[in-house]
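>>> Prediction below, plus the sequence it came from.
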Amino acid sequence: MPTEILLMRHGESTGNVAGMLSRGGDHSLFTELLRNQNSSSWPLTEKGVQQARNAGSFIRNSGWSPFDGYYCSDYVRAIETASNLRLEGASWTADSRLRERNWAGLERLSFPEMLKIFSDQKTPLVENSIDWHPPGGESMRSLLLRLDLFLADIRKRHSGQRVIIVSHGGIVHAMLLMQHGLGQTDYQAFIHNHRHVRYCHLYRYFDKGICRSGTYSKCQTSFFEKNAWVVSNNLISNVSLSG
C-alpha cells in the first residue's frame, strides 16, 4: 500500500492581502506594523480562518480523517490553518522544512519598492531558471532539496500510511515539479502557468516509491523520475473559495 499525502496551502493571511492589493496599486496595508513583522508571523484573516474550517469540513465529510501523521510549516499562518481544520485527534508537528520559500524580507515591501530592489540588484523579475532567486533569497532548487529530505523522512515514518501536510504555495509548486518530473528546460513555462496556488486548495498524492533523495542536486533535464508522486484523479478541491 503506498504512502498517501493530502497537501494543502494555508488560508489567506494579512500579508497575502497586503501583497495582492499592492500589485493592484493600493499600498495602504503596508503599515509600519506589517513592515516590521517577520512574514513567518503573519496571522490568518477572518476569511482565511473560514477557508480552513471549510476545508476541514470537506476532509472530514470525505472520510479521509483520521490521519497517521499531521505536519505543518512552523509559520503562524500554517499553524493557524492546521488548528482551524478541526480534525479530531490531530497532533500537529511543525517542521521548518515546510516553510515558504525565503524571499529575504522582500515580501514585507510594497510592490513598487520590491521592483526597485530587483532593478538595483539587476535581478530579473521573472523566474527564468530553477536557480533563480530573489536578492538574498532562496532558489526553487534549494526548496526542492529541503522538501525532498522531508519526504524521505515521511516514507520512513509512514510507509503505507496516510499523512496530511499544511504548508505554502512554494511547497505546492515544488511538489508539482516532482509530480511531473519537470526540469530546467520546462521550469519557466511551468512557473508562469502555476503562479497562483489557491488558499486551502487540496492535493492528494500517492508515493510510487521511486524517488531518491538528492536527485536534482545534479540534475540535467529532470529533478525526479517522472511521476514519482502521482496526484489522485478524484481530488482537486476548491471547497474553501466560498469562505
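Done, it's in. Numbers count the residues shown, from 1 in each chain.
>>> OK, contacts around the residue nearest to the spatial centre of the chain?
By C-alpha atoms, centre = their mean, the mean C-alpha position of the chain lies nearest to His168, the distance being 2.5 Å. By C-beta atoms under 8 Å, 6 or more residues apart in numbering, the contact list for His168 reads Arg9, His10, Ser73, Tyr75, Ala78, Leu98, Arg99, Glu100, Arg101. Placement of C-beta: from N, CA and C, glycine included.
>>> ok, now with 10 Å
Going by C-beta atoms under 10 Å, 6 or more residues apart in numbering, His168 touches 9-10, 72-73, 75, 77-78, 98-101, 143, 174, 197.
>>> In TSV, list those along with distance to Pro135 and neighbour count.
Converted to TSV, these look like this (distance: C-beta to C-beta, whole Å; neighbours: other C-beta atoms under 10 Å):
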residue	distance to Pro135	neighbour count
Arg9	25	27
His10	25	29
Cys72	28	26
Ser73	23	25
Tyr75	21	24
Arg77	24	30
Ala78	25	30
Leu98	24	23
Arg99	19	21
Glu100	17	22
Arg101	13	19
Leu143	16	23
Ala174	21	23
Val197	23	18
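>>> among those residues, which are in strands?
By the criterion of DSSP state E, membership of the contacts of His168 in strands covers Arg9, Cys72.
>>> Now tabulate the contacts of His168 in CSV and tack on pLDDT and distance to Asp26.
Output for the contacts of His168, formatted as CSV (pLDDT from 0 to 100; distance: C-beta to C-beta, whole Å):
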residue, pLDDT, distance to Asp26
Arg9, 96, 23
His10, 97, 23
Cys72, 98, 30
Ser73, 98, 28
Tyr75, 98, 24
Arg77, 98, 21
Ala78, 98, 26
Leu98, 98, 31
Arg99, 98, 28
Glu100, 97, 23
Arg101, 95, 24
Leu143, 94, 29
Ala174, 90, 30
Val197, 86, 22
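>>> Restricted to helices, list the contacts of His168.
Counted as lying in helices by DSSP state H, out of the contacts of His168, are Arg77, Ala78, Leu143, Ala174.
>>> before we move on, back to that, and which of the contacts of His168 is nearest Asp207?
The nearest member of the contacts of His168 to Asp207, counting by C-beta to C-beta, is Ala174 at 15.3 Å.
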